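Chemist: okay, sequence plus prediction incoming.
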Amino acid sequence: MENVKQKKTKKRKLDTPTVDNVESEEDESTKPKKLKLSKNEVNAERRIKNKDKVGEKQKRIESPEVAERTIFIGNIPIQIEKKKVKRHFKKYGQIESIRIRGIPVADPKVSKKVASIKKEFNPKRNSVYCYIRFANKEDAKKG
């Protein structure tokens, strides 16, 4: 009988709040709780953030100085690599960037980036286009 009573008193001592337990409970209660936002509010915040990002991106693209340094090259064979394009146009000046666009994807479930890496193109199309941005306007005019 005594063992059972001793065990019960030990349990009670563990269950009673000690100084450490009370302090931690107070800390938790003083922390500000975040308000739960509805799905519409979360989506609205996301749209606003994305709108700001798109606006910043358009400002960069719309710069007339950047547009003057960029040239369009169309009807490029689909199997071409950036290295070959760079090698060909390097003689006209320093190239800042090359962007290959218009990649025809064979499977609509696959992203364009994955399709270009795996070289899985639509068999009905055999050409793409690219944009080459030179370091200065004069080089772009030469190219």
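Modeler: Noted; the coordinates are in hand.

Chemist: which stretches of the chain have low pLDDT?
Modeler: 1-37, 54-62 (pLDDT under 70).

Chemist: go with 90
Modeler: 1-67, 108, 112-113, 116-117, 119, 140-143 (pLDDT under 90).

Chemist: ranges for the strands of it?
Modeler: Along the chain, the segments classed as strands by DSSP state E run 70-77, 95-101, 127-134.

Chemist: most tightly packed of the ones you listed?
Modeler: strand 127-134 (a mean of 17; mean count of other Cβ atoms under 10 Å). Where you see a C-beta, it was placed from the backbone N, CA and C, and this is true even at glycine.

Chemist: about what we covered before: quick one: which of the strands of the chain is nearest residue 41?
Modeler: With Cβ to Cβ, the closest approach to residue 41 among those belongs to strand 95-101: 36.4 Å.

Chemist: can you tell me the closest non-neighbouring residue to residue 139?
Modeler: residue 93 (2.4 Å; Cβ to Cβ, 6 or more residues apart in numbering).
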